[in-house]
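# model this:
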Amino acid sequence: MALFVGCKQNSSTNAPRELVPEPDIRERLSGQKAFIDSNRMSSLFKAKIYAKEPTAETPTEVINLKWPGVIDEVYNVWYTQSNHIVCIGAYPYSQSGDWDLGFTHYFDTSSGGTFAFERNTSFYNSMCTDDLAIEQIVTYYANDRLVDSTYVFTDVKGNNLTSDSCEFPYDFPYRVYTNVSDVLKAVGIEQKNKR
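Numbers count the residues shown, from 1 in each chain. Just a heads-up that it's a prediction; the model follows:
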């Protein structure tokens, strides 16, 4: 024997709704970012690659791996199968090979708002290790407000480094944009699939 119990909402009640704080917002945002990171190369997402030449104002799409001769910066744009942008990575190109840098914005597919940003830097000439120094900064956002951040600074063997004892000769300025449209506009990529 089964017993089902239900509640019928009184249709004449127009009580205002309350916004209940999300206690696990950090875990949700971190999990959302991890899902995108682990599936970028899977069939869940599509990607377009753009390359910007030093003399060009805007990047051009790289089709069939036909790259321009000289590259200033590369942009990877990942889409869901329904053409919503989930993240955009910007990767300035080091002619010398002394540094590698990546800036990645992660977007909520329903609002287009930035929910996470990651900056990865690896570089030589840090004065605190003989090999590469690797720095990672991840910030998480909800409703355009910073809710959490992580910072990791290591050598290639995973040993922690202290930023106070290091030189950062390749520390370039950057900006975290609040939504996908602002990122596309800033880097000069036309958004074909407007919301």
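# list the buried ones in stretch 111-125?
112, 113, 114, 115, 116, 117, 118, 119, 120, 121, 122, 123 (16 or more other CB atoms under 10 Å). Placement of C-beta: from N, CA and C, glycine included.
# Same check on stretch 99-111?
For stretch 99-111, burial by neighbour count (16+ other CB under 10 Å) applies to 99, 100, 101, 102, 103, 104, 105, 106, 107, 108, 109.
# quick check, nearest of those residues to residue 164?
If you rank the buried residues of stretch 99-111 by distance to residue 164 using CB to CB, residue 99 comes first, at 20.1 Å.
# still on that earlier bit, from the buried residues of stretch 99-111, which land in strands?
Within the buried residues of stretch 99-111, membership in strands is found for 99, 100, 101, 102, 103, 104, 105, 106, 107, as judged by DSSP state E.
# For the buried residues of stretch 99-111, point out the one with the lowest pLDDT.
Scanning those for pLDDT, the smallest score is found at residue 99, 84.
# State the mean pLDDT of stretch 66-81.
In this model, stretch 66-81 carries a mean pLDDT of 94.
# gap between the two ends of it?
24 Å (CA to CA, to the nearest Å).
# Stretch 57-65 now?
Distances were taken as CA to CA; on that basis the terminal residues of stretch 57-65 are 21 Å apart.
# in that stretch, what counts as buried?
In stretch 57-65, residues buried by neighbour count (16+ other CB under 10 Å) are 59, 62.
# from the chain's centre, how far out does it sit?
In terms of CA atoms, centre = their mean, to the nearest Å, the centre of stretch 57-65 is set 20 Å apart from its chain centre.
# what's near enough to touch residue 32?
Remark: with contacts taken as CB atoms under 8 Å, 6 or more residues apart in numbering, residue 32 is in contact with 106, 108, 115, 116.
# For it, give me the backbone phi and psi.
In terms of degrees, to the nearest 10, the main-chain angles of residue 32 are phi -60, psi -40.
# I am finished for the moment; much appreciated.
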